[in-house]
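Chemist: Turn this into a model:
(3 chains)
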Amino acid sequence: MSNRLFAAFSGLMIVAMILSACAPAATPVPPTQPPAQPTAKPAEPTKAPEPTKPPAPTATPAPTAIPKPKVVRIAFPQEPDNLNPYYSNMWFAAILNALYINTSLLEYNDKAEAIPNVAKEIPTAANGGISADGKTITFKLRDDVKWSDGTPLTADDFVFTWQMVMSDKNAVVTRDPYDVAVDKVEAKDKTTLVVTFKEPYAPWQAKVFQNVSAGSGALPKHILEPVFTKDGTIDKAEWNRKPTVGFGPFVFKEWQSGSSITFVANPNYYKGKPKVDQIFIKIVPDDAAQIAALKAGDSDIGTFISYEDMADLEKLGTLDLVKTPSGYQESWIMNLSTNSKTAGHPALQDVNVRKALVMAVDRDKIVKDLLEGRTKVSATFWEGTPYANPDEKPLKYDPEGAKKLLDAAGWTVGKDGIREKTIGGKVVKLKLRYATTTREVRKNVQAIVQQMWKAVGVDAELINHQSDLFFASYADKGPIALGQYDIQEFSTNPNFPDPDIARWLCKEIPSDANPTGVNDQGLCDKDLDALFAKQTVTVDAAARTKIFWDIGKMLNDKVYWNSMWDDPDWYATSKKLVNLKLSGGTPFWNAVEWDLKQ
Amino acid sequence: MGRYIIRRLLQAMPLLFIISVIIFVLTTQMGDPLSMFGGGRRALRSEDRIRLTRQLGLDKPLYMQYVIWLAGNDWMPIDADADGKQDVDENGKLVYGTRKGALRGDFGTSFATRQPVMDMIKERLPNTLLLMLTAEVVIIISSLVIGLVSALKQYSVFDHTVTALSFIGFSMPIPLLALGLIYIFAVYFKRWGLPYLPTGGMYDPQVGQSWQQTLWHMVLPVTALSVITVAGYSRFIRGSMLEVISQDYIRTAKAKGLADRRIVFIHALKNAALPIVTIIGLDLPFLLAGAVVTESIFAWPGMGRLFYDHTTRSDFPVLMGIMMIISVAVVVFQLITDLTYTFLDPRIRYD
Amino acid sequence: MQVQVREIRSRFTLHVLRPTGTGMATVTDVFSPTAEETLTKEPLTPAQLAWRRFRRHKMAMFGLVLLAALIVYVIGGAFVFSEEFANFNDVGIKLLSPSAAHPFGTDAIGRDILARTVYGGQISLIIGLAAVGVSLVVGVTVGAVSGYYGGWIDSILMRFTEALLCIPQLFLLIVAAKYLSGKIPNFEMFGRTFSGSVIIIILIIGLDSWMYLARIVRSQMLSLKEQEFVTAAHCTGTSNAAIIVTHILPNTIAPIIVNATLGVANAILTEAYISFLGLGVRPPTATWGNMLENANRYLETAPWMWFFPGMLILLTVLAINFVGDGLRDALDPRAMVE
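Modeler: The predicted structure is shown next:
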């Protein structure tokens, strides 16, 4: 019996050892090189041995003839979910598109100006690109553009992409604008693309074959059409996870799930060969790890740097902090629904109460102390763009004024220090449900605001939901969509750089009949609706801008929206990385020009 | 014996069914997978939400979704364009679904990454096994050694110290331990110029992936995982060993004049180790689950993190896939452990 | 019977002693009453016997003292710091390292960490106790019913219990926390506001750990229900429920108590893990666990933010484990029959 025990025991240990020895072999080994690419092996040591290497000899010494490859390393705190631009809405996936699938017709530079990319020039009424009735736009494409495997990039690729997006067999993330605004997309010849709209469509520049929202330019027809024919869908195409054939300054090389994504330089890019050899994306678990990587010099670009970390990073002297307008505004939306099922606190129906709530909060102090004074309170939702009304200013911090407004509105301070009012025979306390997501900075702001409101006699119940619950729709019983809040705080901007937004439209109010509506504020203001309807069909940029100025003023006067702070995207970039011109819409648009000082 | 095995496997069927139903109901109702399509940064438009709900099968009633998950839909004609009529292809034949169902090994596709769930699991499983099996080997060896010496030198200084440390060990919250380890060995060692351990990940991108890198990066996570478990197991072995030592047959062996070493290793240890085999056998399938907290802190791309990341996105195909694989493994390993036990202890017999 | 055998030849010395469990009690037995005592005094009740055994267990007494100190800390601390002070935030003094004014430093929006650990400790301890309460109620009921009635009731309940045991504990907790998140609103008690997530955490931890208790109670039930005193109770016409509650359960108290005590430690640790992952108790309620939540980002810059709550959790769990170990020895049924 003892022998058998020993045998069983040893057997168990041996099996365990075998399994653990087998496991490394199962992890992905360095992949084969793509054809005709410079041999930049990631395994080659580039610097003198660092202390992190274990004592055992690590790699063969590099022969002096080969120059060290220039690798730009970026630490991402979130892993992209999919590398096919039509199957992902994630910022961390979209930002990479400019590297390997830069097939958009136009692109946006760091001054937020549109410049041509695959299209030879921007279509205007003057050059005949836009038809007289505004419903047809003709794009002339460059004739020198090729996919990374040498196949020419033509208008057929764009038509194919449109067909794939509109096909019911493909569960793409969004069909915007093709399902609502576009009538058809045709290729007159290899370099002429004609897009016909149902009505003149003002936001076409930012939306049609443009990679700022989900979606992008063209997908490779010669790769994906066979997949579609064979499988009936491109949802599961291998290209979605391994886009080895692309169009951009870099070519995708490999993706190790949970660890890293690698891109190598494309010598055949139409703008020329990139100066750096490789871009290496390392997936780190969270922001803290990203900051640690930046401090240690392991990452050259950091994204979404939060305000607390900026001072530390600047002190190092090796990083620059760069701000790009993103169109994101940290905002307050107050529940104005009058439907009994989704209604907010009755006090919010009074515009003076809404004003008082804003005046009671010292937003400048929050920006100065919590956000290190590196941003500001916005005046309108379109802060930093031409669509912002220059005459509007944020409400000033004025707790005494707030108290007066509340008193005048009939909310008097009760025995417990909280205001109350008798409505319909019952005493109603001014206690508001203040809901937001679980991000730490928002939780902190909630605590600060709660304290400031207490000083003017307003009580707050703090609610935090995980993001996917917060943004869940009425159909999915999302608490915000169901109106279970009085004030919500979040940051979003759906169409940047286009100013259009659907959230304040009457027809977007969610209900049983309309379970996917996005107007969770329950707001229906006929005048506001009319202005929004007008801007959609106003193609003339100057006139459209004027309409948005009026919209901005109305939103402020009636406190339908309130700014907490302007939320630009902050990057930390290594001083060794030169020619980096980050833009708001497509940050990596000029990756071909990047260079690394050694 | 054969009949016993078959009976156990049959008994396991309703068990697995119950588990799958419980988890399915919980995971499908816990959130909205579509709301995270933007990674939280952009909300979906209404039109896209309606379309995606239909295309991804989320508009079907719950029991229907379960049936499709279990048995697939390639025996059901589908209606992808929602015109109320079932689809036909160019030849006029009905178009059927493409899913085979969990019973045939197809756990569907993740809503977040659009990858088949099995592929995602296959990518991450080796990483978790590497970490957990190494930790398990370290744990087994350490607990045996510590428990044994502790029992033999009962009430000595070594024993008291080890006991105190063990209690501290298994009372420690993992975040404190892991963060403390990183703080000392990664941050401070670097400051003091000593060779330092990395803060996370599986390898250093500048050096590239190699087995030395992986080994070096495994040191801290394995330590964090082992400390707490070794603390518990070593006390268990100690107790078990003490009980065995006090038995009559050990006294007899002693009286017969056998050497201590022979008594300890050949007679005592084997009997004391029986309960440990049970515990290890029952723990093994949970190794597949990885350690969520440890993997999060050390950025180890394993199953635990896969599970957590996809919970926050309400991505229930992935969650169902992981849970079912682990449950099946638990059932199988319980059976194997019970069978192993009959080899080890002839007093136990199953009909 | 004590035998000590020393072999000077080898390094291994084998002490063959009467086992006294895993405690550090000395071998000489002071627990049984002396001859004198037996004749002159009332026999000691089992509870008193247990207490005596417990007292001799040095680690357990140390644990008890430590636990008492921690309870004084969280309750007494509430008299030193008001809740207003604990929640008072001033972003201007954020992230200060420990000093005379703030012995544990300040957190990301300037709240005093010492005061927050006091109030956080109250919630953590309450969660620990309440979660064990939930698992006691469910576990004992399921185990008792299952063991007593047997048959198909037993089959179904045990299948269900095993099903839940197949699922890794943390996974089940994560899924349950996500499922219930946001479903219970904030509530007020004793003039203080608590987040609804406290109730959620109590429920899910409790419902995640009742299975072990159920199995213990069931196995005890199976062995006890065949005893004569149960048959006698049947004969006198006592109802099933009364038999279970008044006759059988009291005899299973010992393992239940030990399991429950260790369960409190486990619940506190679990709460820490869940909160660390971000699925635990939400603001405005503080707990030791959710003070660890964003510790990663402050690993280097503000280690006091995670060190103090972490140490408090460690000390509490340690104390409970010591006490539980002592209870296990003290309530060991073999020792009760002296």
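Chemist: list the contacts for C:I202?
Modeler: C:I202 makes contact with C:127, C:130-131, C:134, according to CB atoms under 8 Å, 6 or more residues apart in numbering or on different chains. Every C-beta, even on glycine, is put in place using the N, C-alpha and C of the backbone.
Chemist: how about 10 Å then?
Modeler: Contact analysis of C:I202 by CB atoms under 10 Å, 6 or more residues apart in numbering or on different chains lists C:126-134, C:267, C:271, C:281.
Chemist: And A:F228, by the same measure?
Modeler: Counting by CB under 10 Å, 6+ apart, A:F228 has contacts A:160, A:163-164, A:167, A:169-170, A:221, A:234-235, A:237.
Chemist: related to what we said a few turns ago, buried ones among the contacts of C:I202?
Modeler: Burial by neighbour count, 16 or more other CB atoms under 10 Å in any protein chain shown: within the contacts of C:I202 this picks out C:127-128, C:130-134, C:267, C:271, C:281.
Chemist: Can I get these in JSON lines including distance to A:E314?
Modeler: Listed next are those as JSON lines, based on distance: CB to CB, whole Å:
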{"residue": "C:I127", "distance to A:E314": "41"}
{"residue": "C:G128", "distance to A:E314": "44"}
{"residue": "C:A130", "distance to A:E314": "47"}
{"residue": "C:A131", "distance to A:E314": "46"}
{"residue": "C:V132", "distance to A:E314": "49"}
{"residue": "C:G133", "distance to A:E314": "52"}
{"residue": "C:V134", "distance to A:E314": "50"}
{"residue": "C:A267", "distance to A:E314": "44"}
{"residue": "C:E271", "distance to A:E314": "38"}
{"residue": "C:V281", "distance to A:E314": "35"}
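Chemist: now, among the residues you listed, which is nearest to chain A?
Modeler: Closest approach between the buried ones among the contacts of C:I202 and chain A, by CB to the nearest CB: C:V281, at 10.4 Å.
Chemist: pretty sure that closest one contacts C:S275?
Modeler: Yes. Using CB atoms under 10 Å, C:V281 makes contact with C:S275 at a distance of 5.9 Å.
Chemist: what's the burial count for B:Q334?
Modeler: 20 (other CB atoms under 10 Å in any protein chain shown).
Chemist: Contacts only, for it.
Modeler: B:Q334 neighbours (CB under 10 Å, 6+ apart): B:8, B:12, B:278, B:281-282, B:284-285, C:162, C:165-166.
Chemist: Next step: those restricted to helices.
Modeler: The helices, defined by DSSP state H, take in B:8, B:12, B:278, B:281-282, B:284-285, C:162, C:165 from these.
Chemist: Among the contacts of B:Q334, the buried ones, what's the ChimeraX command?
Modeler: Only the buried entries of these go into this ChimeraX selection, using 16+ other CB under 10 Å:
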select /B:8,12,278,281,284,285 /C:162,165,166
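Chemist: Just the buried ones among the contacts of C:I202: which are in strands?
Modeler: Among the buried ones among the contacts of C:I202, no member falls in strands (DSSP state E).
Chemist: want to throw those residues into CSV with pLDDT and distance to A:S216?
Modeler: Compiled in CSV, these are given as follows (pLDDT from 0 to 100; distance: CB to CB, whole Å):
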residue, pLDDT, distance to A:S216
C:I127, 92, 48
C:G128, 93, 52
C:A130, 93, 52
C:A131, 94, 49
C:V132, 94, 54
C:G133, 94, 56
C:V134, 94, 51
C:A267, 92, 49
C:E271, 90, 45
C:V281, 83, 42
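Chemist: These: which ones sit near chain B?
Modeler: Subset of those in contact with chain B: C:E271, counting by CB under 10 Å from any CB of the partner chain.
Chemist: ok, the buried ones among the contacts of C:I202 vs chain B, which is closest?
Modeler: Ranked by distance to chain B (CB to the nearest CB), these are led by C:E271 at 9.7 Å.
Chemist: Tell me which residues touch the nearest residue to that closest one once chain neighbours are set aside, please.
Modeler: Distances taken as CB to CB, 6 or more residues apart in numbering or on different chains put C:G289 closest to C:E271, at 4.6 Å, once the chain neighbours are dropped. For C:G289, the contacting residues are B:173, B:175, C:120, C:123-124, C:127, C:201, C:268-277, C:280-281, C:309-310, C:313, by CB under 10 Å, 6+ apart.
Chemist: since we're on residue 220, how many residues are nearby?
Modeler: No chain specified, so I'll use chain A. Neighbours of A:P220 under the rule other CB under 10 Å: 22.
Chemist: oops, I was thinking of chain B
Modeler: Other residues within reach of B:L220, judged by other CB under 10 Å, total 23.
Chemist: Wasn't it part of a strand?
Modeler: No. Read with DSSP: H, G, I helix; E, B strand; the rest coil, B:L220 is helix and lies in no strand.
Chemist: Next SSE downstream of the helix or strand hosting B:V149?
Modeler: Using DSSP states H and E, B:V149 sits within helix B:117-152. Later in the chain than helix B:117-152, the nearest helix or strand by DSSP H and E is helix B:157-171.
Chemist: Which other helices and strands does that following helix contact?
Modeler: On a contact count with 3 or more CB pairs under 10 Å, 6 or more residues apart in numbering or on different chains; DSSP states H and E, helix B:157-171 meets helix B:117-152, helix B:211-245, helix C:58-80, helix C:253-276, helix C:304-330.
Chemist: These: which one's closest to A:G248?
Modeler: Closest of the helices and strands packed on helix B:157-171 to A:G248 is helix B:117-152, at 25.4 Å (criterion: CB to CB).
Chemist: is chain A contacted by the closest one?
Modeler: Yes. Using CB under 10 Å from any CB, a contact is recorded between helix B:117-152 and chain A, made by B:119-120, B:122-137, B:140-141, B:144.
Chemist: does A:E508 really touch A:S473, like I thought?
Modeler: No. Counting by CB under 10 Å, A:E508 stays clear of A:S473, with 11.3 Å between them.
Chemist: neighbour count winner among these two?
Modeler: A:S473 (25 against 19).
Chemist: quick check, the more buried one in a strand?
Modeler: No. According to three-state DSSP, A:S473 belongs to no strand; its state is coil.
Chemist: I'd like to know how far it sits from chain C.
Modeler: Distance from A:S473 to chain C, counting by CB to the nearest CB, to the nearest Å: 15 Å.
Chemist: Just list the residues touching that residue, thanks.
Modeler: A:480-482, A:510, A:515-518, A:520, B:32, B:34-35, B:43-44, B:46, B:49-50, B:53.
Chemist: which among the ones in helices among the contacts of B:Q334 are in contact with chain A?
Modeler: Within those, those near chain A by CB under 10 Å from any CB are B:281, B:284.
Chemist: Which stretches in the stretch 151-300 of chain C count as helices?
Modeler: Assigned by DSSP state H, counting those that start in this stretch, the helices in the stretch 151-300 of chain C fall at C:151-165, C:169-180, C:197-224, C:228-235, C:240-242, C:253-276, C:288-291.
Chemist: Out of those, which one sits most buried?
Modeler: Mean neighbour count (mean count of other CB atoms under 10 Å in any protein chain shown) peaks for helix C:288-291 among these, with a mean of 27.
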